[in-house]
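Asker: Just a sequence and a predicted model for now, questions to come.
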Amino acid sequence: MCSCPFILCSRSISGDFIIKDSNISTWETTITAQNGSIYTDSSQCEILSQAMIYLSLVFTLVGMPGNAIVLWILGFNMRRNAFSVYILNLAMADFLFLSFKFVHYLLYIINISSIFIKIPIFLFVVQTLSYISGLSFLSAISVERCLSVLWPIWYRCRRPRHTSAVTCALLWAISLLLSLLHGEACFLLFNNNLFLSCETLNYISDYWSIVLFVVLCGSSLILLVRIVCGTQRIPVTRLFMIIMLTVLFFLIFGLPFGIYFLLQKWFGNLNDGNMCHLFVTVFLYCVNSSANPIIYFFIGSIRHQTFQRKSLKLFLQRAMQDTPEEEGGERACSRKAEELETL
């Protein structure tokens, strides 16, 4: 059983599950059969795992172009606002995860009949980096939107201009640091030559993920209650729909991936030698990462008559619309202040 996301689960020539022992070196690991023996029976778990691998490959082939289009349009062909900066970075995190899983599973399928496979450890760091950063950006989007609803005048008139860019850069740095200090990467890269043990650092990254999840759920719940039950009418914009759908998809399809590894680390072998749960959670996260671009373009295409290739930029622009933010400068601030005073 792979107890860490950095350990590559592979199979023998006959298709049986085997595990790579990660105590050789940073760049090369030896494949050994789990519990000292190779499985000979074809179980339902193995069939399910194989199905999850091929389905994950299908979703990566759909999600990578979708996130690449979002990156291209938001990065080079559209003027960015506070929220589109977060969407841009979230698309980058999703693209990194899907690219890693595509390479990982492709190597799994076309596994060479050799005993040794050289896999750079940084490929496994990318998996943890993409997950932590994706969760971080989702939490930041939810908190940002929550602030814009609770304190609209401060948000539109007093919010620092480059808050989104600075926040994203900080979250990337924290995610990269935690991914380098997480799991097998810490032991292989640093060999415990740190001021804290790798085991302690692993728990720090786990607690950070838990904090992000609490922030995400708390801010999303506050935002939903404020929209539904608030005394002041707040328009439900396309951007609000995107945020709610993206958070909902993450809670359904993305969260099991993180919960699995937390439980695996804290409570030991969950699967009793089976790989089903691992491959299912990875497949669900591939669905989550592939669904985000579809959500953006679907929300942007609502009430639009035609769908043409040249309209993708228009759809994304419409998806990023947040009507109160369309108003400009002091006029918007003064108008909002007058409305609040009359209430």
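Answerer: Nice, thanks for sending it over.
Asker: helix or strand right after the one helix or strand Tyr260 maps to?
Answerer: Here Tyr260 is covered by helix 255-267, with elements defined by DSSP states H and E. The C-terminal neighbour of helix 255-267 among helices and strands, as given by DSSP H and E, is helix 276-301.
Asker: Report all helices and strands that the helix holding Tyr260 contacts.
Answerer: helix 122-150, helix 198-229, helix 276-301 (3 or more C-beta pairs under 8 Å, 6 or more residues apart in numbering; DSSP states H and E). Where C-beta positions appear, they are placed from N, C-alpha and C, glycine not excepted.
Asker: Please report the distance of Ile73 from Tyr203.
Answerer: 39 Å (C-beta to C-beta, to the nearest Å).
Asker: average model confidence for the helix holding Tyr260?
Answerer: Averaged across helix 255-267, pLDDT comes to 82.
Asker: list the contacts for the residue lying closest to Leu223 once chain neighbours are set aside?
Answerer: Distances taken as C-beta to C-beta, 6 or more residues apart in numbering place Cys146 nearest to Leu223, at 4.7 Å, with adjacent residues excluded. Cys146 makes contact with 219-220, 222-223, 226, according to C-beta atoms under 8 Å, 6 or more residues apart in numbering.
Asker: just those: which has the poorest pLDDT?
Answerer: For these, the pLDDT minimum is Arg226, 82.
Asker: Find the nearest non-adjacent residue to that one, please.
Answerer: Counting by C-beta to C-beta, 6+ apart, the residue nearest Arg226 is Val149, at 5.4 Å.
Asker: hang on, the earlier thing: going through the contacts of Cys146, which ones are buried?
Answerer: Buried members of those, scored by 16 or more other C-beta atoms under 10 Å, are 219-220, 222-223.
Asker: For those residues, work out which two are farthest apart.
Answerer: Taking C-beta to C-beta as the measure, the buried ones among the contacts of Cys146 span a maximum distance of 7.4 Å, between Ser220 and Ile222.
Asker: thinking again about what came up before, look up how far Ile227 lies from the residue nearest to Arg226.
Answerer: Distance from Val149 to Ile227, by C-beta to C-beta: 7 Å.
Asker: and for the two, which residues touch both?
Answerer: By C-beta under 8 Å, 6+ apart, Val149 and Ile227 have these common neighbours: Ile234.
Asker: Least confident secondary structure element in this protein?
Answerer: With mean pLDDT, DSSP states H and E as the measure, the helix or strand of the chain carrying the lowest mean pLDDT is strand 29-32 (a mean of 35).
Asker: Run the angle between the helix or strand following that one and helix 276-301 for me.
Answerer: Sequence-wise, the next helix or strand downstream of strand 29-32 (DSSP H and E) is helix 44-76. Between the axes of helix 44-76 and helix 276-301, defined by axes from the mean of the first three to the mean of the last three C-alpha atoms, to 10 degrees, the angle is 30 degrees.
Asker: got the buried residues for helix 44-76?
Answerer: 45-46, 48-50, 52-53, 56-57, 59-60, 62-64, 66-71, 73-74.
Asker: Packing partners of it?
Answerer: So helix 44-76, by 3+ C-beta pairs under 8 Å, 6+ apart, packs with helix 82-109, helix 276-301, helix 312-319.
Asker: Output stretch 77-88 as PDB, nothing but the C-alphas.
Answerer: Only the C-alpha atoms of stretch 77-88 are listed here, as PDB (Å, rounded to 0.1, in the frame of the first residue of the first chain):
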ATOM      1  CA  ASN A  77      -5.600  38.000 -24.000                       C
ATOM      2  CA  MET A  78      -7.700  39.500 -21.300                       C
ATOM      3  CA  ARG A  79      -7.500  42.300 -18.700                       C
ATOM      4  CA  ARG A  80      -7.400  40.700 -15.300                       C
ATOM      5  CA  ASN A  81      -9.400  41.800 -12.200                       C
ATOM      6  CA  ALA A  82      -9.100  40.800  -8.600                       C
ATOM      7  CA  PHE A  83     -10.800  37.400  -9.000                       C
ATOM      8  CA  SER A  84      -9.500  36.500 -12.500                       C
ATOM      9  CA  VAL A  85      -5.900  36.500 -11.000                       C
ATOM     10  CA  TYR A  86      -7.000  33.800  -8.600                       C
ATOM     11  CA  ILE A  87      -8.700  31.800 -11.400                       C
ATOM     12  CA  LEU A  88      -5.500  32.100 -13.400                       C
END
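Asker: ok, residues contacting it?
Answerer: Everything outside stretch 77-88 that qualifies as a contact, by C-beta under 8 Å, 6+ apart, is 70-71, 74-75, 137, 140-141, 144-145, 159, 163-165, 168, 239, 242-243, 296, 313, 316-317, 320, 322, 325.
Asker: Buried residues, it. List them.
Answerer: Judged by neighbour count (16+ other C-beta under 10 Å), stretch 77-88 contains these buried residues: 78, 81-88.
Asker: same check, this time on stretch 224-240
Answerer: Buried residues in stretch 224-240 (16+ other C-beta under 10 Å): 227, 237-240.
Asker: and which of these is nearest Ser289?
Answerer: Closest to Ser289, out of all of the buried residues of stretch 224-240 and judged by C-beta to C-beta, is Leu239, at 20.1 Å.
Asker: so what's the closest one closest to, chain neighbours aside?
Answerer: Asp322 (4.2 Å).
Asker: Settle this for me: that neighbour is touching Val236, isn't it.
Answerer: No - Asp322 lies out of contact with Val236 (C-beta atoms under 8 Å); the separation is 10.7 Å.
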